[in-house]
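> Quick one: sequence plus predicted model below, questions after.
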Amino acid sequence: MKCDYQFGFERKASQLLGELEISLLKLGSAPPDMEVLSRVSQTTQSLTRAGVSSGFEAVANLAREIESVFELARNGKIPLTWELTGLTLVAGDRIRTMLRSPDKANDTGEVVSDWFRRLRCKAEA
């Protein structure tokens, strides 16, 4: 049975994921709009904080990975591509799956987190 804070987090996460999707779809321009990139970072930071404070560590970890990669993009260390945008949209779908099935959250999020870790490691190498 879910507690009130879990329902509250699900609502907040759903709202943040909607904001993230809107921002991602606006990122199609070249050069990237720095204001929109900042919004992506702020949204993922909010998702991370909400996940941690609500006990959804797997969601927070995935959001943190997304945040790290977009920070690199914002600083010009990796290019902002449609593949990255698509991967991030997939990550949002995975987070929704994690919220629906918390018992499978680690399995669901780990694959996508690994994709983001690889991107980050390439950029930092």
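In hand now; what should we look at?
> biggest helix in the chain, by residue count?
With secondary structure taken from DSSP state H, the chain has its longest helix at helix 4-26.
> Quick one: mean pLDDT for the helix or strand following it?
Counting by DSSP states H and E, the next helix or strand C-terminal to helix 4-26 is helix 34-54. Taken as a whole, helix 34-54 has a mean pLDDT of 91.
> hmm, who's touching helix 34-54?
5-6, 8-9, 12-13, 16-17, 19-20, 23-24, 26-27, 56-61, 63-64, 66-67, 70-71, 73-74, 80, 88, 95 (CB atoms under 8 Å, 6 or more residues apart in numbering). Every residue, glycine included, has its C-beta placed from N, CA and C.
> Can you say which of those are buried?
Applying 16 or more other CB atoms under 10 Å to the contacts of helix 34-54, the neighbour count classes 9, 12-13, 16-17, 19-20, 23-24, 26-27, 56, 58-61, 63-64, 66-67, 70-71, 73-74, 80, 88, 95 as buried.
> mind checking how far stretch 58-70 is from the chain centre?
Distance of stretch 58-70 from the chain centroid (CA atoms, centre = their mean, to the nearest Å) equals 5 Å.
> The chain should start at 17 in everything you say after this.
All set: I'll call the first residue 17, so the last point we hit is now stretch 74-86.
> who touches that stretch?
By CB under 8 Å, 6+ apart, the list of residues contacting stretch 74-86 reads 29, 53, 56-57, 60-61, 63-68, 94, 100, 104, 107, 110-111, 114-115, 121-122, 124-126, 128-129, 132-133, 135-136, 139.
> what's around Gln31, how many residues?
14 (other CB atoms under 10 Å).
> cool, and Gly102?
With other CB under 10 Å as criterion, Gly102 counts 11.
> What helices and strands are in contact with the strand or helix carrying it?
Assigned by DSSP H and E, Gly102 belongs to helix 98-116. Applying 3 or more CB pairs under 8 Å, 6 or more residues apart in numbering; DSSP states H and E, we find helix 98-116 packed against helix 20-42, helix 73-90, helix 121-140.
> least reliable of those going by mean pLDDT?
Among the helices and strands packed on helix 98-116, helix 121-140 scores lowest, with a mean of 79.
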